[in-house]
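> need the 3D shape of this:
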Amino acid sequence: MRLVLEGPTGRRAWGPAFAPAAAHPLEYEGQCYGELLFSRPLAPAERARLEAFLTRLERDQLLAENRLSSDLLKALGDAEAPADLARAFSRALRHYLGADNVGVWTWRRGRFYFLAQDGMLFPQEKRLFTEGLRPGEGLLWRVYRSGEPLYVERYGQKAGALPPERTGPVGALAVVPVERGRRPRRLLAVRVQAPRFWTRADAAAIEKTARALASEFARLDLAARLGTLLQLERLLPEGDERRFFKALLEAAVDLVPGAEAGSLLVREDRHFRYRATVGFDFEALAAHAYSEADMANWGGNHWAAGRPRILRRRVHQRSRETAPASLEAAARLPEIRANLLVPIVKDGQILAALNLDSFTDEGAFDHRSIEVAKGFALQAAAMLHEAAMHEALAFSARHDPLTGLLNRRGFAEAFAREREGRRRLAVLILDLVGFKGINDRHGHPVGDRALVLVARALAEGVRQGEYVARWGGDEFALLIGAGDAAAAQSALRRLRAAIAALAVEGEPLAARGGYALFPAEGRRLEELVRRADARLYAERRLS
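Prediction:
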């Protein structure tokens with residue numbers, strides 16, 4: 001007798017070779033999966049015993065499949081997180097196949113990592129949990145790029161297989177994409193220690209499990225996206241823009257298929273500036289801004305239409321047309337193999353640009369990436385608009401609407417921050433001389449113009465890390481670094497001279513001032529302002 005079976009890799013035969021005199025097909029659920037060959041015709045009694053035996057095999061196979069289906073259904077009810085789902089499905093499939101290990105690998109930022117597994121794990125494999133599989137390393141990447149299942153009967157003889165020191169003694173391997181199409185984000189892998197012929201029944205069970213996983217992962221992924229968006233929305237009221245923009249970008253990199261790194265550029269006036277990066281040197285990029293023309297050149301016709309654009313091969317060349325050579329290293333331009341640019345549009349205006357990049361794969365982005373990115377951009381546009389509203393409200397709550405300087409609240413917050421640094425500071429109070437007369441003679445619009453001129457002169461007269469506020473009416477407050485009274489008095493003279501150089505409607509402006517030193521003359525803002533006011537009024541009495 002000779003047994004011939006068909007599997008996903010072809011036909012295999014067991015037993016001596018001979019010219020068959022009789023054959024009996026092996027069928028299951030209407031499909032032929034092999035045949036038994038005989039050197040002589042079977043007697044009726046022999047055929048009856050054979051058919052009874054095959055009927056029992058078919059019944060056992062059906063029971064095993066039903067048990068697998070039952071285990072998968074139970075796992076659906078028990079699993080709440082992707083890792084729990086993957087572990088439960090892996091356990092059910094391992095028991096059905098009698099495999100040594102079954103696991104789900106997930107693609108994240110350019111590498112494959114174990115999401116969950118069940119069964120025996122070789123010591124060599126444990127490093128893969130933390131290190132992951134680098135691009136092109138091992139047979140999983142072949143399945144990732146092709147989107148087709150791979151069944152390997154003798155792992156050590158397969159080109160591209162990892163060496164035993166990386167995997168342990170693997171005999172056979174099956175890898176099936178969970179999602180359909182090329183470059184799936186998850187792969188289902190089955191490993192046995194001895195060589196194995198993968199039958200059609202094996203392949204059907206593995207692929208059935210993968211399809212069930214895909215359906216559940218789609219549901220969990222949607223819930224995860226919604227949860228991420230809710231978390232981002234909760235960050236908005238906190239007012240920490242940098243944290244919000246960073247979280248927004250990290251969510252995009254994690255959610256959009258193919259993305260390994262990215263940058264978020266937000267419109268400010270007529271330019272787009274970096275507000276967050278993943279995988280790049282933010283500090284090196286933050287100082288650079290792109291004009292609308294730069295962005296149109298980078299995005300082409302897609303930018304003008306507000307549509308996502310995928311760029312392959314010419315990424316470095318196109319980047320050099322819009323970015324200065326000094327940014328080439330910080331932006332990792334020579335390394336980028338593919339770029340997905342997503343304009344974030346609200347009410348017809350582009351609020352921001354989301355750049356997602358792949359360093360490893362020219363084909364990293366496809367229609368699935370665009371669909372996820374478009375959905376994300378719609379939500380991001382609403383959140384960026386709301387963030388801008390929060391920023392505007394926060395600015396108005398801390399700034400004077402006429403001069404744009406800090407108001408009392410903004411000044412008090414600045415003082416609270418600076419005092420924590422244990423610096424020696426000075427609070428200066430200045431008021432304009434004869435301001436009421438200017439208002440009376442020329443009207444309030446001219447008086448307002450005088451206040452704006454003074455505010456500009458004071459803002460230009462302080463260093464970075466020093467603060468100017470409109471304290472009220474024609475009074476201004478400043479917080480500067482000053483080690484002693486002489487330094488504070490010198491700053492007052494310089495600022496008063498700057499004001500004395502100003503005039504409105506032919507009338508020169510002038511100011512008086514006082515100062516107080518922190519911490520020598522007080523540790524609370526209120527007492528420092530009182531002391532500075534006292535010095536100012538003393539000067540007023542003398543004059």
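> for stretch 31-38, C-alpha coordinates in CSV please.
In CSV, the C-alpha atoms belonging to stretch 31-38 read as follows (Å, rounded to 0.1, in the frame of the first residue of the first chain):
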residue,chain,number,x,y,z
GLN,A,31,-12.9,17.5,-1.3
CYS,A,32,-10.1,15.1,-2.1
TYR,A,33,-7.0,15.4,0.0
GLY,A,34,-5.2,12.3,-1.1
GLU,A,35,-5.4,8.6,-2.1
LEU,A,36,-4.5,5.1,-1.1
LEU,A,37,-2.7,3.0,-3.8
PHE,A,38,-2.7,-0.8,-3.8
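> can you give me how far that stretch is from the chain middle?
52 Å (C-alpha atoms, centre = their mean, to the nearest Å).
> and R419, what does it touch?
When contacts are counted by C-beta atoms under 8 Å, 6 or more residues apart in numbering, R419 touches L425, F518, P519, R523. From N, CA and C alone the C-beta is placed, and that goes for glycine too.
> contacts made by stretch 287-294 with the rest, please.
Residues outside stretch 287-294 that contact it (C-beta under 8 Å, 6+ apart) are L265, E268, R270, H271, F272, R273, Y274, W298, T322, A323, P324, L327.
> which strands or helices does the lowest-mean-pLDDT helix or strand in the chain pack on?
Using mean pLDDT, DSSP states H and E, helix 315-322 stands out as the lowest-scoring helix or strand of the chain, at a mean of 75. For helix 315-322, the packing partners by 3 or more C-beta pairs under 8 Å, 6 or more residues apart in numbering; DSSP states H and E come out as helix 292-305.
> following the helix it packs on, which helix or strand comes up?
Going down the chain from helix 292-305, the next helix or strand is strand 309-312, by DSSP states H and E.
> who are the packing partners of that following strand?
On a contact count with 3+ C-beta pairs under 8 Å, 6+ apart, strand 309-312 meets helix 292-305, strand 338-346.
> that strand: how far from the chain's middle?
That offset, for strand 309-312, works out to 19 Å (C-alpha atoms, centre = their mean).
> flag every buried residue along it.
Residues R309, I310, L311 are the ones in strand 309-312 that count as buried (16 or more other C-beta atoms under 10 Å).
> quick one on the thing from earlier: among the helices and strands packed on strand 309-312, which is nearest E216?
strand 338-346 (26.8 Å; C-beta to C-beta).
> that closest one vs helix 315-322, what angle?
If you take axes from the mean of the first three to the mean of the last three C-alpha atoms, to 10 degrees, strand 338-346 sits at 50 degrees to helix 315-322.
> what strands line up against strand 338-346, and which way round?
strand 309-312 (antiparallel), strand 349-358 (antiparallel) (DSSP bridges).
> nearest to A75, out of the ones you listed?
Across the strands paired with strand 338-346, closest to A75 is strand 349-358 (C-beta to C-beta), at 32.9 Å.
> so where's the stretch 401-543 of the chain shaky on pLDDT?
422, 543 (pLDDT under 70).
> contacting residues around R512?
Applying C-beta under 8 Å, 6+ apart, the residues contacting R512 are L430, D431, V433, R496, L536, E539, R540, S543.
> my read is it is in a helix, agree?
No - R512 sits outside any helix when classified using DSSP: H, G, I helix; E, B strand; the rest coil, being strand.
> any idea what it is bridged to?
D431.
> could you check how far it is from K374?
R512 sits 60 Å away from K374, going by C-beta to C-beta, to the nearest Å.
> count the residues that sit near the residue nearest to G171 when sequence neighbours are not counted.
The shortest distance from G171 to any non-neighbouring residue, by C-beta to C-beta, 6 or more residues apart in numbering, is to A194 (4.1 Å). As a burial measure, A194 scores 10 neighbours (other C-beta atoms under 10 Å).
> okay, now the unreliable bits of the protein?
Ranges of the chain meeting pLDDT under 70: 236-239, 387-393, 422, 543.
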